[in-house]
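>>> Sequence and predicted structure below; questions after.
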Amino acid sequence: MTATLIDGKAFAASVRERVATHVARIKEAQGVTPGLAVVLVGDDPASEVYVRSKGKQTVEVGMHSYEHKLPADTSEADLLALIEQLNSDKAVHGILVQLPLPKHLNESLVINAIDPAKDVDGFHISNVGLLGTGQKSMVPCTPLGCLMMLRDHLGELSGKTAVVIGRSNIVGKPMAQLLLGDSCTVTIAHSRTKDLAEVVKRADIVVAAVGRPNFVQGGWIKPGATVIDVGINRIPAPEKGEGKTRLVGDVDFEAVKEVAGAITPVPGGVGPMTIACLLANTLTACCRKHGLVEPEGLTA
Ligand SMILES: Nc1nc(=O)c2c([nH]1)NC[C@@H]1CN(c3ccc(C(=O)N[C@@H](CCC(=O)O)C(=O)O)cc3)C=[N+]21
C-alpha cells in the first residue's frame, strides 16, 4: 500500500488565496491594510532565505511587509527599543522576531516584550497560557498548519489517538494542545520515552518534530495512520554531486509511505504551511485589532 500524499504546497497556496481575498475585502470596506514586521538579527543565510520568502508572500496577499535587519552584535536594549516602536506602530499588526537569536540576547525576554496581540508566532507567554487553557490566542504557525492539514484530510479528529514526537515550545507542546483541543487522546513522546516504537504504533496521528533526519521508522507506524513530518534537515547528497545537500524530514519517508494512510512530504509539506499560517495570523491579528469579522477556517 502507498500512502496518500498531503500536498502542503498546494494547501498553502489555497490558504494564501483565502487570506488575499479577505485582505482585499477589509481594505475595500474598512480601509485597513494588515502589516507584518519581521525582525532578523545577524546574517544566517538560511534565515535570510526564509525572511525573504515571508516578505515576498506577505506582499503577494496584499499586506504590508516591514523588514528590519539588525547586525549580529545588536544590543538587547536596541532590539527591545525596536520592538517597543513596532508595538506602538499602528501600521504593524504582526511582529515576528526570527529565531534563534544570537547567544548574547535573552530569547524569552525579547519574545515577551512583543505586544501579545501582535505576537503572530504565538510564542509570548500570554498566548502560551491562553492556548493551554483553551482561550482565544495567537497560535504558533507550524502547529496551526499541521492542524489545518489534519482537519482537511481526516475531517473529524475527535477520539483519535495522536502521538507528538518532540516537546519543544515552538512545535511539540503547542501541537499537543491543539490536538487536545480537537479532542484527540494525546501523548507527547521525546528522547527519553521508553519503547518509542510501541508508543508510536498506537497512533492514528503521528506528528514528528524531533529534528533528527529520517528518525521515524516504517515499522513504528500503525497501518493507515496519518503522518505529519515537521522536520527540515539538510543532509549531504553526494549523489547530486560533491558538496551538494538535500532536505529530508524527521520521517523515513520511503519506508513510512508503504504503511501510512497519508503523509506530508519534505520539502512541500509543513514548511509552506508555516508561512501561510503566519500570513493568516497577521490577518487575524488585524481583524481582532479593528473589531472586524475574522476569516473562517484560518484559526484554531
Ligand atoms: N520566529 C520564528 N518563526 C518561525 O516560523 C521560524 C523562525 N523563527 N526561525 C526559522 C524557522 C524555519 N521556518 C521555516 C519556514 C518555512 C520553511 C519552508 O517553507 N520550507 C520549504 C523548503 C524551503 C527550502 O527549500 O529551503 C519546504 O519545507 O517545502 C522552512 C522553515 C520558520 N521558522
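That came through fine. Residues are numbered from 1 along each chain as shown.
>>> Name the SS class of the closest residue to the ligand within the stretch 51-200 of the chain, please.
Relative to the ligand, the nearest point of the stretch 51-200 of the chain is residue 99 (3.9 Å; Cβ to the nearest ligand atom). Backbone N, C-alpha and C define where each C-beta goes, glycine included. For residue 99, the secondary-structure state derived from DSSP: H, G, I helix; E, B strand; the rest coil is coil.
>>> Excluding covalently adjacent residues, which one is nearest to it?
Excluding its sequence neighbours, the residue lying closest to residue 99 (Cβ to Cβ, 6 or more residues apart in numbering) is residue 107, at 6.6 Å.
>>> What is the burial count for that neighbour?
By other Cβ atoms under 10 Å, the residues close to residue 107 number 14.
>>> Angles on the backbone of it, please.
phi -60, psi -50 (degrees, to the nearest 10).
>>> Report pLDDT for it.
Looking at residue 107, its pLDDT stands at 98.
>>> close enough to count as contact, it and residue 113?
No. In this structure residue 107 lies outside contact range of residue 113 using Cβ atoms under 8 Å: 10.9 Å.
>>> Measure how buried the closest residue to the ligand within the chain is and give me the count.
Nearest residue of the chain to the ligand (Cβ to the nearest ligand atom) works out as residue 271 at 2.2 Å. By other Cβ under 10 Å, 25 other residues sit near residue 271.
>>> Is it in a helix, a strand, or coil?
Using three-state DSSP, the structure places residue 271 in helix.
>>> give the contact list for it.
8, 232 (Cβ atoms under 8 Å, 6 or more residues apart in numbering).
>>> same deal with residue 126?
Contacts of residue 126 by Cβ under 8 Å, 6+ apart are 116, 119, 137.
>>> one more time with 10 Å, if that's ok
Counting by Cβ atoms under 10 Å, 6 or more residues apart in numbering, residue 126 touches 112, 114, 115, 116, 117, 119, 135, 137, 138.
>>> Can you show me the helices along the stretch 1-150 of the chain?
8-30, 45-60, 76-87, 107-111, 125-132, 141-154 (DSSP state H, counting those that start in this stretch).
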